[in-house]
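Q: dropping the sequence and predicted coords here.
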Amino acid sequence: MIHTVNRLMETKVEERTGERVRHCYQCKKCSAGCPVAFAMDLLPHEIMKMVQYGQEERLLKCSTVWLCASCETCSTRCPNEIDIARVMDGLRGMSLEEGLVAEPEIAMFHRSFLNGIKLAGRTNESVLIGQYKALSGRLFDDLGLGAVMFIKGKVKVIPRVVKDRKSVRRIFKETDKG
Amino acid sequence: MAEKEPAKKAAKKTAGKKPAAKKKPAAKKTAGKKPTAKKQAKKPVAKKAAPAAGPGEQPVGAVMVVGGGIGGVQASLDLVEMGYRVYLVDSSPSIGGVMGQLDKTFPTNDCSMCILSPKLVEVGSNKNIELYMLTDVVGLQGEPGHFEVTLRVRPRYVDLEKCTGCGICSEHCRVKVKDPYNADLSRTPLIRVPFPQAVPGAAFIDPTKCLYLLRGKCGDCAEECPAGAVDYEDKERTEKVEVGSIIVSTGYKPFDAKKRAEYGYGVYDNVVTSLEFERILAANGPTSGHVVRRSDGEPVKKLAFIQCVGSRDSTAGNTYCSSVCCMYATKQSVIAKEHAREVQPTIFFIDMRTYGKGFEEYYQNAKNEKGVRYVRCLASYAKELQPTRNILVGYTDPDGSTVEEEFDMVVLCVGITPDAAGLAGVLGVGLNDHGFIASDDFLSVKSSREGVYVCGALEGPKDIPDSVIQASASAGLASSRLGVCRCELTEHVEYPPEKDVSGEEPRVGAVICRCGTNIGGVVDVPAVVDYAKTLPNVAFADERLYACSQDAQEWIREIIREHDLNRVMVASCTPRTHQPLFRETVRSAGLNKYLFEMANIREHCSWVHMDIPDDATEKAKMLCKMGIEKAALLEPLEEGVSQVIHNAMVIGGGGAGMVAALQLADAGFKTYLVEREPELGGQMRHIYATVEGADVQAYLGELESRVKGHPDIDLMLSSDIEDVDGYIGKFHTRVRTPKGPRELDHGVVIVATGGAEYVPPPGEYGRGSDERVITQVELEKLLAEDPGSLEDVRDVVMIQCVGSRNDEHPYCSKICCGVAIKNALAIKELNPGAAVNVCYRDLRTYGFKEDYYLKARDLGVNFIRFEKEDPPRVDISFGDPRVRVADQNIRGEEVVLNPDLVVLSTGVISNPGARELGPKLKVPLTSDGFFLEAHVKLRPVDFATDGIFLAGLAHYPKTITESLTQAAAAAARAESILAKENVVTEGVVARVDPNVCSGCKACIELCSYEAIEFDAAKGVAVVNRSLCKGCGACAAACPSGANRLLGFKPGQIIAQIKAACGSL
Amino acid sequence: MSELRFTYYPGCSQSGSAEEYGDSSEAVCQALGIELTELPDWSCCGASSAHMTNDVLSVALPGRDLAAAKRLGQDVLVVCAACYSRMKISQERILADEELAREVEAAIGADPRFAGKVRHLLDVMVNDIGLATLKEEVLLPLEGLKAVPYYGCLLVRPPEVCFCDSVENPTDLDRFMEALGVEVMPWSFKTDCCGGSLSLSRTDVVEKLVNKLFTRAEEAGANCIVAACPMCVANLEMRQRPGKLSFKINHPMPVLYFTELLALAMTLPGARKWLESHIIDPMPLMVQAKLMSV
């Protein structure tokens, strides 16, 4: 049940993403074409409506914003020119800031990924996987696959790094708002 | 000949303007002419010097109509009836437009070509309409009343005067190209008649790939043409034509479905556009009406329609709604299922916009009775599955699951897009934001340039009835400044003298029509012809592919002459649509037109016995025999002629009534305007602005003062129609006025009695229990007159469909969505911080009104969709109103709103007075109490009773602009009668033999038309033939056999019965 | 042809799991006379992780590389679709939004307003080298390969920044493969998302997407999928589950880089090594198609 309807959330989303969610007329085309919709708790068109209803907490706590794969199929086909994927980016950012992440493993993966860049300036997949596994506790997933990759020479033991790593860390520092 | 005559007359009118220039080419054209070839002047016939007409000079009594679709055709026919010469210009080789390509039309499921073709033939055979085919307008000079239009006529390469349309050239053509008539789904020779019923019914050469024209090779068609009609030397030429007004009606182009690439049009064979599917459904289409896949010809079972392809779509550049797709998809679904029962249609849609007369009922019937499945979701994609070539469609279910479903074929419901820029530039008329011709706020047929009028989809997306209304309205306005030169440039139809057949042995000609495959696909037509030849009195029998085509009319005239026929029997379709055409043909061949009989071997035979062709053939033979037996006994009948009283009666003084009255009075006809209320204006008094923002009250004030000050308008307020007598041309009406009764004579009646607002009973949505529950009309009044009272409103809830689309009022009131958005925008303007939530079922902002829906969303108006079964609940028991509504867009989750104003969007209901007026005028009403027009599709302002016309809310709920435009159309239709000195009435009427009549009066009581009176002096019944509709009820009831219906005498009927029973 | 000179941005994967892609790309460029200069001290584009969590960071990370590219002046060549996408979007946004440009400039301490072109190698192959030239270079026509082209998301969306000829029905890769003699199977799932960014974190979701793609590819009669993105290839190879899930594929299906095919068709020396390094072994297919011996 939706008890209090307000437009605060919509304003926030527009400020953050420039997208006018209120243009949505609920054709549901975004949901119909979303490859990950089957795993989402709120469908993309429902996200649009919930933003209009000002359902901030539900939006920031939903799995949808994390499951969104940023494939941009919805944005490309939306008849109202709403960049839905961008709205998802905005909500995901808000969700992180508020600490309401519904899919911690996905968030952890992204954190591991960015940590890698922060340290080395480049992404080293074995370092990334190692760090993610340590963080997520999913140590034994994909063990077989890892073995295959090792044999195939896909696991690089010596990470390649950027020489001027300082400049990379500076970027992280300068863009870190949280 | 047609094209010389006006030239002469025109020369007379514009004396001294070098008439000599026209003599020579005209003289050259006379040899070997035949009526079908008289059109499309090849040489500059109507050419005149540059207009340079001074303001005092008399205007030109001719109108140019650009575009030969249904709009242009209707406008042309109206104009010639009003007494003007018409130049009908079309860029294609024949007239007919898109309507000629449609299979059936909604909501009546009429065969499109069957109702259009008689009109095409009428245009083709009218001496006062001159056709310019393959012609573009390239210049316009002058001013209203005196335009000079420059035309560029492209070469046809076939001499219209010589071509008989026999088709031999096509058989010998070596190059085949995609056939535009079949939406490119089939191939056709370069030289061809565009389609069987084309007018003109002559061939043309598509020069793009012609071997001879490009490379000087081939030349077969010229060699094979028995008439020597092929002319490779034909050249483009320029002509100048002088006219008083211009009507443009060049239609639209369908949205290019490739632009919505996610549906794979042009990539996957089994994804087609709706226009292509229309051809697939058509009996004369590429698959003969079989619903089969393009990839493999397999029958289609699962069929999907995807709505809004190129409509309501900012990304595709078209933000407006195309207005017609919801209905045509529903129609195509129903028809597809009729063609093959195993077809399972699914329509994917956003909002179902079935807002027109009879549309909602059609939709509900399709959904609930016909098995059409509706899914409220715009499909995201259509993808071909490689092994099966089925099409996978992705959508979302109401329960929130995403579904991929396979279909055999997918139809993309492509929108209407403008094709106006070029023509608008030449004519100097403005375009609107969407690229359609910009039109007046109140009369949608006025363009930005005076004297240039617009109708049909060129002005904005619309369906056929709305196009026809605009066509008549534009004809009426085109006439408005030309009245003084009415009939100056027209010529009367001269028939050959009627042949006296009395005493002659009957010589019947029997024509059996194939109607493409409609009849020919089931009935063994040659066998029927052979059988007819064996029957007594048959002097000639043969078949035709389409007996209604223009060349067939010429052929019928020829066989009458050649075989000295004195009766004709055509076995084809229904006399309802086609009998007038054939009668006209017979008459033009010198026979009395009642020496014609029709047998219906389509509706009564091939269509209903599709599965048993052998039996159908036997039945067709029997029906032909019946027709022939009766034909042999036919007698010539006389038609009545009655003088027209040149006064008009307009009933209803609302906006529509006033516009109609003003138009007729301006045209010089004395007009009585009767209004029940003490003041003018009707419902218009309650409206302050249109959705588009035009000032209604200012316009109303203007109309009122013009009406009151018009010398030719006799206004009666607080007055009532007591009763109406008489018939077309000669009505007699008693009106009760405050000053006493008045008796008025007039030639026509326009019914513009308006509608009423639905009044919710106390308790419906809290109505009556709290002053914060109001209607949209009340809100609009507050917004206009006391906006201060709304300044503190912070939360408004609007509820749609109050009194519409329910069991009591099953129709859609059409205007409420627009009104709600208009008022929501006004509230937002007044107080941008106010919340507005609109609870709706389907948002029906058709056409350009969609812009305002978008604007409302942009300003933050929120829309909540509810279902009929689960409407919003308004609760006022806790002090402040509380609205609970299940939002179906988010799986029915309940939304609780705490508004300080609840606004009910109450529907439009019929005027209760209509139920009294209908019987007085002897005109019918729908079950909803609105007046019922003669034909929903093609006669939207006429009643079946001649001389009575209809406009405004009395017809159906509609916007002000639509009402006023319809009023202009009704006035134009009325004018076409008032412009004549006499009207001719039907020859099939009852007649009472005074020597036999016993004076029992049984017939008098029975007559629904009050056409029979009792002559007390002679003690016998007398039929007023002008009122008699020829229904025959009286003749059947007459106990003494004194009353006979002419054309249906007992002997004639018994002959038919014998023919039927004899062959059993 | 040797007129083609680029600043080369290799991208992280090409020195990691997609070494075969990086190496084959460099090899075919060399063979076709495309001159590459590696962007000095390039850094990671941030990929989807930056994009999904920190908007400014997602512009600033590629901005550092764009600034370096600006100093060199030449157009930039990218082989990874993800790097290409991030780089182009970052460039577009920096050039279109001066406020953002200044913010990025402050963060990286250099001018990121690179006005040259950022190109993907497939774009260069199809539109600069040209299909006619490619056909001439083919020594071993790749008959026997029945391939479906897989564009994924980042080569086509958002269409404003991408080079492909259509966002829904692109044909660039199709035409490229046809030039090499590959039998390209009509396929409707060229641009469906494989869920790459969730590959490690939501394997369950990704397996469904990936196996659907393989099922549809098998239905289309393909014996391999060809792609131009290391993220897609890694995901498609890692999450392929023959015989499992509701979308059932029956046999492992190789996933190849378009550059490997070109190298093979040009009979460049490294081809065998690159093909052998795939998780899904393409060698049985190559043998079966008589393109390689055992």
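A: Looks like it came in fine. Source: prediction; values computed, not measured. Numbering: from 1, shown residues only, chains lettered A, B, ... in the order given.

Q: could you check how far the closest residue to chain B within chain A is from B:Ile876?
A: The nearest approach of chain A to chain B comes at A:Gly33, 2.8 Å away (C-beta to the nearest C-beta). Where you see a C-beta, it was placed from the backbone N, CA and C, and this is true even at glycine. Per C-beta to C-beta, to the nearest Å, A:Gly33 is found 43 Å from B:Ile876.

Q: more neighbours: these two, which one.
A: When neighbours are counted by other C-beta atoms under 10 Å in any protein chain shown, A:Gly33 and B:Ile876 differ, and A:Gly33 comes out ahead with 26 against 15.

Q: residues in contact with that one?
A: With contact set as C-beta atoms under 8 Å, 6 or more residues apart in numbering or on different chains, A:Gly33 has these partners: A:73-74, A:77, B:262, B:380-381, B:394.

Q: columns distance to chain C, secondary structure and pLDDT on top of the residues you listed, output as CSV?
A: Output for these, formatted as CSV (distance: C-beta to the nearest C-beta, whole Å; DSSP: H, G, I helix; E, B strand; the rest coil; pLDDT from 0 to 100):
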residue, distance to chain C, secondary structure, pLDDT
A:Thr73, 7, helix, 97
A:Cys74, 10, helix, 97
A:Arg77, 9, helix, 97
B:Glu262, 5, helix, 97
B:Ser380, 11, coil, 98
B:Tyr381, 8, strand, 98
B:Gly394, 10, strand, 97
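
Q: neighbour-wise, which of those residues leads?
A: That'd be A:Thr73 among the contacts of A:Gly33, by other C-beta under 10 Å, with 31 neighbours.

Q: quick check: closest non-adjacent residue to it.
A: Among residues not flanking A:Thr73 along the chain, A:Gly33 sits closest, at 5.0 Å (C-beta to C-beta, 6 or more residues apart in numbering or on different chains).

Q: got the phi and psi for the residue lying closest to B:Gly400 once chain neighbours are set aside?
A: By the measure of C-beta to C-beta, 6+ apart, the closest residue to B:Gly400 outside its immediate chain neighbours is B:Arg891, 5.3 Å from it. Taking degrees, to the nearest 10, you get phi 60, psi 40 for the backbone angles of B:Arg891.

Q: okay, B:Arg891 and B:Glu743: tell me how far apart.
A: For B:Arg891, the distance to B:Glu743 - C-beta to C-beta - is 66 Å.

Q: ok, back up a step: list the contacts for the residue nearest to B:Gly400?
A: Per C-beta under 8 Å, 6+ apart, neighbours of B:Arg891: A:46, B:398-400.

Q: CA-only coordinates of stretch B:707-727 in PDB, if you can.
A: C-alpha atoms of stretch B:707-727 as PDB (Å, rounded to 0.1, in the frame of the first residue of the first chain):
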ATOM      1  CA  VAL B 707     -26.800  35.100 -35.200                       C
ATOM      2  CA  LYS B 708     -28.800  37.800 -33.500                       C
ATOM      3  CA  GLY B 709     -27.800  40.400 -36.100                       C
ATOM      4  CA  HIS B 710     -28.200  38.300 -39.200                       C
ATOM      5  CA  PRO B 711     -30.900  39.500 -41.500                       C
ATOM      6  CA  ASP B 712     -31.500  36.000 -42.900                       C
ATOM      7  CA  ILE B 713     -31.700  34.200 -39.500                       C
ATOM      8  CA  ASP B 714     -35.100  34.000 -37.900                       C
ATOM      9  CA  LEU B 715     -34.300  33.200 -34.300                       C
ATOM     10  CA  MET B 716     -36.900  31.700 -31.900                       C
ATOM     11  CA  LEU B 717     -35.800  31.300 -28.300                       C
ATOM     12  CA  SER B 718     -37.700  29.400 -25.600                       C
ATOM     13  CA  SER B 719     -39.400  27.600 -28.500                       C
ATOM     14  CA  ASP B 720     -40.200  24.000 -29.200                       C
ATOM     15  CA  ILE B 721     -40.900  22.000 -32.300                       C
ATOM     16  CA  GLU B 722     -44.500  20.900 -32.100                       C
ATOM     17  CA  ASP B 723     -44.500  18.800 -35.200                       C
ATOM     18  CA  VAL B 724     -43.000  18.400 -38.600                       C
ATOM     19  CA  ASP B 725     -44.700  17.500 -41.800                       C
ATOM     20  CA  GLY B 726     -43.500  17.100 -45.300                       C
ATOM     21  CA  TYR B 727     -40.500  15.800 -47.000                       C
END
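
Q: what average pLDDT does it get?
A: Averaging pLDDT along stretch B:707-727 yields 96.

Q: now stretch C:274-281
A: In the prediction, stretch C:274-281 has an average pLDDT of 94.

Q: now do the SS call for the most centrally placed residue in chain A.
A: Taking C-alpha atoms, centre = their mean, the centroid of chain A lies closest to A:Trp66, which sits 4.7 Å from it. Following DSSP: H, G, I helix; E, B strand; the rest coil, A:Trp66 is assigned to helix.

Q: hang on, isn't it packed against A:Val101?
A: Yes - here A:Trp66 reaches A:Val101: they are 7.0 Å apart, a contact under C-beta atoms under 8 Å.

Q: list the contacts for B:Ser642?
A: Contacts of B:Ser642 (C-beta under 8 Å, 6+ apart): B:727-730, B:982-983, B:985, B:1026.

Q: what of B:Val644?
A: Taking C-beta under 8 Å, 6+ apart as the test, what B:Val644 contacts is B:729-730, B:747, B:977-978, B:980-983.

Q: which residues do A:Trp66 and A:Val101 both contact?
A: In contact with both A:Trp66 and A:Val101: A:95, A:107, using C-beta under 8 Å, 6+ apart.

Q: how near is the nearest residue to C:Ala220 once chain neighbours are set aside to chain A?
A: What sits nearest to C:Ala220 in space, not counting adjacent residues and going by C-beta to C-beta, 6+ apart, is B:Gln386, at 3.9 Å. Distance of B:Gln386 to chain A, given as C-beta to the nearest C-beta, to the nearest Å: 19 Å.

Q: with respect to chain C, which of the contacts of B:Ser642 is nearest?
A: B:Ile728 (58.9 Å).

Q: surely that closest one meets B:Val748?
A: Yes - the pair B:Ile728 / B:Val748 is scored as a contact, 7.4 Å apart, by C-beta under 8 Å.

Q: common neighbours of the two, please.
A: B:947, B:977.

Q: out of those two, which sits in the more crowded spot?
A: For the pair B:Ile728 and B:Val748, the greater number of neighbours falls to B:Val748 (29 against 20), based on other C-beta under 10 Å.

Q: can you check the pLDDT for residue 3?
A: You didn't say which chain, so I picked chain A. Taking A:His3 on its own, its pLDDT is 88.

Q: look at chain C instead
A: On the pLDDT scale, C:Glu3 gets 82.

Q: C:Pro158: what's it in contact with?
A: When contacts are counted by C-beta under 8 Å, 6+ apart, C:Pro158 touches A:72, A:75-76, C:89.

Q: make TSV from those residues and add pLDDT, neighbour count and distance to B:Gly358 to it.
A: Compiled in TSV, these are given as follows (pLDDT from 0 to 100; neighbours: other C-beta atoms under 10 Å in any protein chain shown; distance: C-beta to C-beta, whole Å):
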residue	pLDDT	neighbour count	distance to B:Gly358
A:Glu72	96	23	43
A:Ser75	97	22	40
A:Thr76	96	23	39
C:Ile89	96	21	52
